[in-house]
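Student: The following comprises the amino acid sequence and a computationally predicted model.
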Amino acid sequence: QLVESGGGLMQAGGSLRLSCAASMWRFNMNDMGWYRKPPGKQRESVAAISRGGRTIYSDSVKGRFTISRDNANNTLYLQMNNLKPEDKAVYYCNLGGTYSSHGYIPNPRSWGQGTQVTVSS
């Protein structure tokens with residue numbers, strides 16, 4: 001079970017920190033990632049982190065967002081700084097996919113319910 005939290009309404013330039021709490025997983029053995037679904041668009045990859053801590057980001061968030069993991073507390077994070085109106089989306093975490101230097105392939109059986117992020121200009 002995955003539970004995302006931390007979304008909300010923020011002004012452009014502000015920051016939010018999303019959390020994804022996982023239960024019943026061998027958390028530290030998993031690659032994982034964050035996705036988002038903007039209004040009227042397809043779900044897209046935002047960031048991913050390997051079991052060893054390597055990270056990869058989409059070009060649209062590189063330098064602004066940071067993905068991290070706390071294996072002791074089974075929690076995945078996404079620190080989002082310098083938010084832009086185009087970051088508005090429902091954000092989802094995904095665990096147990098496959099990380100590579102080319103990107104992250106999500107686990108189709110492992111999606112949380114999502115958390116809404118809205119950025120006002």
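Tutor: Thanks, I have it.

Student: buried sites along the longest strand anywhere in the chain?
Tutor: Longest strand of the chain, by residue count under DSSP state E: strand 89-100. Using 16 or more other Cβ atoms under 10 Å as the test for burial, strand 89-100 gives Ala89, Val90, Tyr91, Tyr92, Cys93, Asn94, Leu95, Gly96, Gly97, Tyr99. C-betas here are computed from N, CA, C, even on glycine.

Student: which residues sit against that strand?
Tutor: Residues from elsewhere that reach strand 89-100 (Cβ atoms under 8 Å, 6 or more residues apart in numbering): 2, 4, 7, 18, 20, 22, 25, 27, 30-39, 43, 46, 48-51, 54, 56, 76, 78, 104-107, 109-112, 114-117.

Student: give me that answer again for 6 Å
Tutor: The contact list for strand 89-100, computed with Cβ atoms under 6 Å, 6 or more residues apart in numbering, reads 2, 4, 18, 20, 22, 30-38, 48, 50, 76, 104-107, 110-112, 114-117.

Student: Please apply the same query to stretch 112-121.
Tutor: In contact with stretch 112-121 (Cβ under 6 Å, 6+ apart) are residues 2, 4-5, 7, 9-12, 83, 85, 87-88, 90-93.

Student: quick one: that stretch to chain centroid distance?
Tutor: Offset of stretch 112-121 from its chain centre (Cα atoms, centre = their mean, to the nearest Å): 11 Å.
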